[in-house]
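need coordinates for the below:
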Amino acid sequence: MTVGEIVESVGMDLSDRNEALPLVASSKSGSDSNEPQEKNHAKDVHILSFGFLFVFSAYSAAQNLESTVNDDNDLGTISLGVLYLSFTLFSLIASPMVKSLGSKNALILGSTGYWLFIAANLKPYWYTMIPASLFLGYAASIIWVGQGTYLSSAARSHAKDGLLPEGKALGKFNGEFWGIFASTQVVGNLVSLALLRGNDKEGIKGTTLLFSVFLGSMTLGTALLCFLQKRDEREASLSEFSAVVENSTIRVLLQSIISPLRDWRMLLIIPLFVYSGLQQAYVWSELTKHVITPAFGVSGVGGAMAIYGAFDAVCSFIAGRFTSGIPSIAFTICGGSLVQFAALLWLLLKHSGIDRGTLYPLLVAAGWGVGDGVFNTQLSSLLGLIFRDNTEGAFAQLKVWQSASTSVVFFVSPHISFPGMSLMLLICLLLSLLPFLFLVNRNDHV
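Residues are numbered from 1 along each chain as shown. Just a heads-up that it's a prediction; the model follows:
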């Protein structure tokens, strides 16, 4: 080797080392070059969380009232069933749609479906509620796949910039988002309680004030989402998105649906997706109708669901902070499952003995909120950890199975007794935990 070649080799080696030095120095000294970027990741999560807070405070409270307020020919219950069936079908192709739109555009466009659904409740007829429910199914599919993709991307960037464990960043960001999201049950239902207090059923049906306030809240939430930073490699315009959809082949769409199902890890998690959808629909329709309303009346639904949301929010924050990897996720999910298992047993054994005004339904609502907070934060963190190469596809699968199981509850609830539905949920809980625990035991392959 000549002297020139030696000098060149040494120079290249020093150059490589110099490229690595700023990363090490910045992590230890907290240099200004990385600090603004890390703050931006957290800021985007704040904006995303509060945007959803304003949108879903209105929607969650309205959804809780659908089965009791719009009960002529079960219009409210059937509308929700149609909504979640539409949600299921559109979730099958949500992954390529979000990839084409970009996660930010998907979030903004998706929020418009919720606005239209609340507007339809101002004139709740079959020709307004059913079309609005169908469109909301499409909107929900892209907003939730966009949310999971956007949040996971922000967490990974935060972990990379701060040299943090990816699992810890995912847990922190998911804990914040789902904690604030769960607060929608508190905010929306307290507004509902305040505006509906003292109204009888006929008065509730005639009011427009509640849904007008909800429309204003949704408008503010959509405006907040416009301030998010773009995180995708490309954010397509709506015209580009239309062109992509027109040129999409059936083969490409089928591949986006089937590809995640070829992964054995996804197959083991799907039963937990199904149960998470069942337990959400159970509290929205069965618990409110058969337990809370008989104990506290229609106007008391808002207060009880506010307690449910408060425990959901606190549990989401705590569960997110304790998330560090697969073992911690498994431990937390088992804890939340145990709480809901105890609540279901109590409902099966004691439901017929509940007296009007008793506090036991509030305890059940609180326990149910704990379980829901666990499933929301931990499933999102789990997908972000395992399926980093196909985040959109993973979250699309989550929403496909969640929404499908949710629609089943709304469609079959008029034909199954409350104890029968509770027993079905209890069995599904046990069956969903078995494959998940098998996955955890093969953690070295995850």
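
ok, for F341, nearest residue in space, not its chain neighbours?
L429 (6.0 Å; C-beta to C-beta, 6 or more residues apart in numbering). The way it works is simple: take the backbone N, C-alpha and C, and place the C-beta from them, glycine included.

skip ahead from the top helix by length along the chain and say which helix or strand is next.
Looking across the chain with DSSP state H, the single longest helix is helix 126-162. Downstream of helix 126-162, the next assigned helix or strand under DSSP states H and E is helix 166-196.

buried residues in the host helix or strand of the residue nearest to F341?
In this structure, L429 sits in helix 418-441 according to DSSP H and E. Residues of helix 418-441 classed as buried: 418, 421-422, 424-426, 428-429, 432-433, 435-436, 439-440 (neighbour count, 16 or more other C-beta atoms under 10 Å).

could you pull up the contacting residues of F117?
59, 62, 83, 132-133, 135-136 (C-beta atoms under 8 Å, 6 or more residues apart in numbering).

turn the buried residues of helix 418-441 into TSV, columns for distance to S337 and pLDDT.
Shown next, in TSV, are these (distance: C-beta to C-beta, whole Å; pLDDT from 0 to 100):
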residue	distance to S337	pLDDT
F418	21	88
M421	18	90
S422	15	90
M424	16	92
L425	12	92
L426	11	93
C428	11	94
L429	6	94
S432	8	94
L433	6	94
P435	13	92
F436	9	92
L439	15	87
V440	13	84
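
which other helices and strands contact the longest helix of the chain?
helix 35-69, helix 75-91, helix 94-101, helix 103-120, helix 166-196, helix 360-386, helix 391-412 (3 or more C-beta pairs under 8 Å, 6 or more residues apart in numbering; DSSP states H and E).

closest to I307 out of those helices?
I307 lies closest to helix 360-386 among the helices and strands packed on helix 126-162, at 5.3 Å (C-beta to C-beta).

name the residues of the closest one that are buried.
Applying 16+ other C-beta under 10 Å to helix 360-386 flags 360-362, 364-386 as buried.

stretch 221-230 now?
Buried-residue list, stretch 221-230, by 16+ other C-beta under 10 Å: 221-222, 224-225, 228.

my understanding was that Y59 contacts L116; is that so?
No - Y59 lies out of contact with L116 (C-beta atoms under 8 Å); the separation is 11.1 Å.

more neighbours: which of these two?
A direct count of neighbours by other C-beta atoms under 10 Å for Y59 and L116 places Y59 higher, at 24 against 17.

ok, the closest residue in space to the more buried one that isn't next to it in sequence to I326 distance?
Distances taken as C-beta to C-beta, 6+ apart put Y114 closest to Y59, at 4.9 Å, once the chain neighbours are dropped. Y114 sits 34 Å away from I326, going by C-beta to C-beta, to the nearest Å.

okay, these two: which has more neighbours?
Taking other C-beta under 10 Å, Y114 and I326 do not tie; Y114 has more neighbours (25 against 19).

pretty sure that one sits against G137.
No - using C-beta under 8 Å, Y114 is not in contact with G137, being 11.3 Å away.

mind listing what's buried in stretch 211-222?
211, 213-215, 217-218, 221-222.

select from those every entry located in strands.
Judged by DSSP state E, strands contain none of the buried residues of stretch 211-222.

which one of those is nearest L345?
F214 (35.7 Å).

which residues does the closest one contact?
57-59, 61-62, 118, 188, 191.

run the last query once more with 10 Å
With contact set as C-beta atoms under 10 Å, 6 or more residues apart in numbering, F214 has these partners: 54-55, 57-59, 61-62, 114-115, 117-119, 121-122, 188, 191-192, 195.

relative to L220, how far out is it?
Here F214 is placed at a distance of 11 Å from L220 (C-beta to C-beta).

can you list residues touching both of these two?
With C-beta under 10 Å, 6+ apart, F214 and L220 have common neighbours 54-55, 58.

ok, so of those residues, who is nearest V412?
For those, the nearest to V412 is A58 (27.3 Å; C-beta to C-beta).

nearest residue to the closest one in space, please, no chain neighbours.
According to C-beta to C-beta, 6+ apart, the nearest residue to A58 is F214 (3.4 Å).

could you do L85 as well?
In space, L85 comes closest to S407 once its chain neighbours are excluded; the distance is 4.3 Å by C-beta to C-beta, 6+ apart.

give me the neighbour count for the one you found.
23.

how about it, what does it touch?
Counting by C-beta under 10 Å, 6+ apart, S407 makes contact with 80-89, 137, 277, 281.

what does L431 give?
Contacts of L431 (C-beta under 10 Å, 6+ apart): 271-272, 274-275.

give me the pLDDT value at E392.
Looking at E392, its pLDDT stands at 75.

swap that for F273, sorry
On the pLDDT scale, F273 gets 93.

same thing with E235?
For E235, the predicted pLDDT is 48.

likewise for V244?
49.

likewise for L362?
87.

show me what contacts it?
291-292, 295-296, 300, 303-304, 307-308.
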